[in-house]
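Student: compute the structure for the input listed below.
(one chain, ligands or ions: 1)
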Amino acid sequence: MVAGALLGGCAKPISPEPRLTDTARPDPITTSAYVSPAVARMEQPLPVEIFTPRNISGRTLAVATTSDIVLKPGEVVLTFDDGPRPGKTPAILDTLEDYGVKATFLMLGSAAEANPRLARKVAEGGHTVGSHTYGHVDLSKLTRQEAINEIVKGEEAVAAALAGSGKAAAPFFRFPYLSQTGFLRTNLLQSGAVVLDVDIDSKDYYRDSAAVVAQRTISRLDARGSGIILFHDIHQRTVDMLPAFLDQLARKGYTVVRLVPRNGNIFGRDLITAGMAQGNAEQL
Ligand SMILES: [Zn+2]
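Tutor: Next comes the predicted model:
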């Protein structure tokens, strides 16, 4: 899906790290004034750069269909599934704001229904809100009609939660467990939905430490060079790892692409033909 992914992820050069011992390094001749490196390090302030959030927002990409999502080397899309979740989603929103980036939240209908204010807060923060079924079921195990009903129920619950926010649900959808069938995918695409695939799975649902999740995700991103990253805004480790992860993105020169729907909300799906005819003119 992503052209040129092998070209590498460091679109911008990494700025050199401050050298901790530059000012404390003794003149090689004045050995009597030597300060041990350990002491010198303790006396040095921590390099501010490492812990200061930087704005790493990149392009806004308006998409009408899945194949419109074409990222350049060094570009990532952040996606968060299964929320909104009190105590977790707000912290993630704060971190995203620190770095000036917008993400896509694929909400469960049941979670949005249970936490409508939080769902609206996500949308009002400028993030894109799509859906992820109502009850997180494996759609490949249902009949076709049952599966479609589950998808629509999820979309409608998310849309209902956002009602009154002035923000519409996007026709963005992700299959739970990434478990899809050809019939459902084709049906969704023909109806004008944007099926969000995953290029890099953080596996933040594993019982790993936040540091391990961050490092694993960065390694996979570096190997691929760009991509759509899957997180879940329901885990504390995701809350914990996100600042360090975004800091790594900043240090490595990645930018975060904001995905927005080109055709409006989930009820605008019959506009798919009109949207296609506009070509790339509305790509921001
Ligand atoms: Zn999920």
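
Student: after the longest helix along the chain, which helix or strand is next?
Tutor: In the chain, with assignment by DSSP state H, the single longest helix is helix 144-162. Next in sequence after helix 144-162, counting helices and strands by DSSP states H and E, comes strand 172-173.

Student: circling back to that earlier point, tell me which other helices or strands the longest helix of the chain touches.
Tutor: helix 109-114, helix 116-124, strand 128-131, helix 182-190 (3 or more C-beta pairs under 8 Å, 6 or more residues apart in numbering; DSSP states H and E). Placement of C-beta: from N, CA and C, glycine included.

Student: hmm, who's touching the first one?
Tutor: Residues lying outside helix 109-114 but in contact with it, judged by C-beta atoms under 8 Å, 6 or more residues apart in numbering, are 82-85, 119, 131, 133-136, 153-158, 160-162.

Student: for the last one, same thing?
Tutor: Among residues not part of helix 182-190, those counted as contacts by C-beta under 8 Å, 6+ apart are 65, 66, 139, 140, 144, 147, 148, 151, 173, 175, 195, 272.

Student: the residues you listed: which ones sit near the ion?
Tutor: Among the contacts of helix 182-190, no residue lies close to the ion (C-beta under 5 Å from the ion).

Student: which of those residues sit farthest apart?
Tutor: 140 and 272 (24.6 Å; C-beta to C-beta).

Student: ok, the two, which is more surrounded?
Tutor: Using other C-beta atoms under 10 Å, the more surrounded residue of residue 140 and residue 272 is residue 272, with 19 against 14.

Student: what does the stretch 51-200 of the chain put close to the ion?
Tutor: Residues of the stretch 51-200 of the chain lying near the ion (C-beta under 5 Å from the ion): 81, 82, 176.

Student: residues contacting the last one?
Tutor: If I follow you right, that is residue 176. 132, 133, 136, 137, 138, 139.

Student: quick check: the farthest pair among those?
Tutor: Longest span within these, C-beta to C-beta: 132 and 138, 12.3 Å.

Student: which of these two has more neighbours?
Tutor: residue 132 (29 against 13).

Student: let me know the helix or strand that the nearest residue in space to that one that is not next to it in sequence is in.
Tutor: Residue nearest to residue 132 in three dimensions, not counting chain neighbours: residue 106, with 4.1 Å by C-beta to C-beta, 6 or more residues apart in numbering. Assessed by DSSP H and E, residue 106 sits inside strand 104-107.

Student: other SSEs contacting that strand?
Tutor: strand 75-81, helix 116-124, strand 128-131, strand 172-173.

Student: would you give the sheet partners of it, along with the direction of each?
Tutor: strand 75-81 (parallel), strand 128-131 (parallel) (DSSP bridges).

Student: any residues touching the first one, and which ones?
Tutor: By that I understand strand 75-81. Taking C-beta under 8 Å, 6+ apart as the rule, strand 75-81 contacts 11, 58-59, 69, 71, 89, 92, 96, 101, 103-106, 132, 174, 196, 198, 200, 221, 226-233, 238, 249, 254-257, 259.

Student: that one to helix 116-124, inter-axis angle?
Tutor: Here strand 75-81 runs at an angle of 170 degrees relative to helix 116-124 (axes from the mean of the first three to the mean of the last three C-alpha atoms, to 10 degrees).

Student: kindly export strand 75-81 (C-alpha atoms) in CSV.
Tutor: Extracted as CSV, the C-alpha positions of strand 75-81 are listed here (Å, rounded to 0.1, in the frame of the first residue of the first chain):
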residue,chain,number,x,y,z
GLU,A,75,5.3,9.6,7.3
VAL,A,76,3.2,7.7,9.9
VAL,A,77,-0.5,7.6,10.7
LEU,A,78,-1.5,7.0,14.3
THR,A,79,-4.6,4.9,15.0
PHE,A,80,-6.2,4.0,18.3
ASP,A,81,-8.7,1.2,18.5
